[in-house]
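Q: one predicted model, sequence on top.
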Amino acid sequence: MTAQPRIREPAIAGWFYPANPDELRATVSRLLDAVPVESGAAPPKALIAPHAGYPYSGPVAASAYARIRPLAGRIRRVVLLGPSHRVPFHGIATTTASAYRSPLGDVPVDHEALDNIADLPGVQALDIAHDPEHSLEAHLPFLQVVLGRFDLVPLVVGDTSAEEVARVLERLWGGPETLIVVSSDLSHFHDYATASRLDTATTHSIEQLDARALGPEQACGCRPLAGLLRLARQRGLAITTLDQRNSGDTAGPRDQVVGYGAWMLQ
């Protein structure tokens with residue numbers, strides 16, 4: 001008897017974002033429509049965007065995803081990296097799932113790409129790191145609305161080095177058909193003024209492609225972020241800050257805020 005394909009089911013639908021497909025698509029479209037984008041800009045190779053609940057980080061994430069709206073049909077593969085919040089492990093976790101499911105439909109997992117990195121240091125199949133993790137899932141509806149159909153290379157990043165992340169990204173880099181997305185929020189649970197100061201300093205480090213300046217206090221996704229910045233420096237990419245705010249600017253109180261930022265690399 002043939003085993004049924006394994007689907008990674010949504011963990012945060014109805015919590016971080018609407019579970020109803022029509023409501024979700026309308027929410028994402030409204031966030032994207034609010035972002036002014038210059039026509040004729042060079043397409044990004046990589047994006048950095050946050051992964052909190054949509055009322056909080058959605059406007060900041062939209063500032064990144066609006067830049068790839070013209071690339072629907074051209075981007076056919078998304079390499080999506082985010083930190084592990086719930087399962088501690090060493091290395092970089094791939095998945096055996098055939099697809100990641102969202103209320104907007106199933107996104108096929110590119111297992112040819114995962115097989116291509118299986119021999120690299122730290123890479124391991126670890127479904128338990130994917131199943132409860134929100135740092136990847138929060139991006140799927142944005143990607144589905146802006147790109148339509150695409151294949152996904154989902155990577156949950158545990159305790160690993162920038163070098164190991166950079167090696168994985170180098171092998172998956174591809175051409176214009178491949179988009180790299182790193183998922184990260186910034187500082188957590190400081191007052192508004194402290195968070196603004198810390199996140200402004202982090203933005204400066206990111207703009208300098210300075211991977212060594214980033215730790216967990218600066219960004220929860222510091223490890224995948226450091227790997228991307230390291231490789232971007234090697235490849236001579238330019239980085240642009242698109243937005244930097246915190247939950248006190250969007251939908252929350254200002255006594256304990258979470259910072260968000262969005263960048264594109266070209």
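A: Here it is on my side, so go on.
Q: give the contact list for the closest residue to S98 other than its chain neighbours.
A: The spatial neighbour of S98 that comes closest, neighbours along the chain excluded (C-beta to C-beta, 6 or more residues apart in numbering), is P5 at 3.8 Å. C-betas here are computed from N, CA, C, even on glycine. Listed by C-beta atoms under 8 Å, 6 or more residues apart in numbering, the contact set of P5 reads A97, S98, A99.
Q: most surrounded residue in these?
A: A97 (22 neighbours; other C-beta atoms under 10 Å).
Q: check contacts around the nearest residue to that one once chain neighbours are set aside.
A: Residue nearest to A97 in three dimensions, not counting chain neighbours: R8, with 4.1 Å by C-beta to C-beta, 6+ apart. Contacts for R8 were tallied using C-beta under 8 Å, 6+ apart; they are T95, A97, A99, Y100, R101, V109, D127, H130, D131, P154.
Q: measure R212 to L229 for me?
A: R212 is 9 Å from L229, where distance means C-beta to C-beta, to the nearest Å.
Q: quick one: contacts for the residue sitting nearest the centre point of the chain?
A: When C-alpha atoms, centre = their mean is applied to the chain, the residue found nearest the centroid is S183 (2.7 Å). Each residue near S183 by C-beta under 8 Å, 6+ apart is listed here: 49-51, 80-83, 135-136, 138-139, 221, 224.
Q: in helices, which of these appear?
A: Among those, the members found in helices (DSSP state H) are S135, L136, P224.
Q: the last one reaches S84, doesn't it?
A: Read it as P224. No: counting by C-beta atoms under 8 Å, P224 stays clear of S84, with 10.1 Å between them.
Q: tally of neighbours for A232?
A: Around A232 there are 22 residues (other C-beta under 10 Å).
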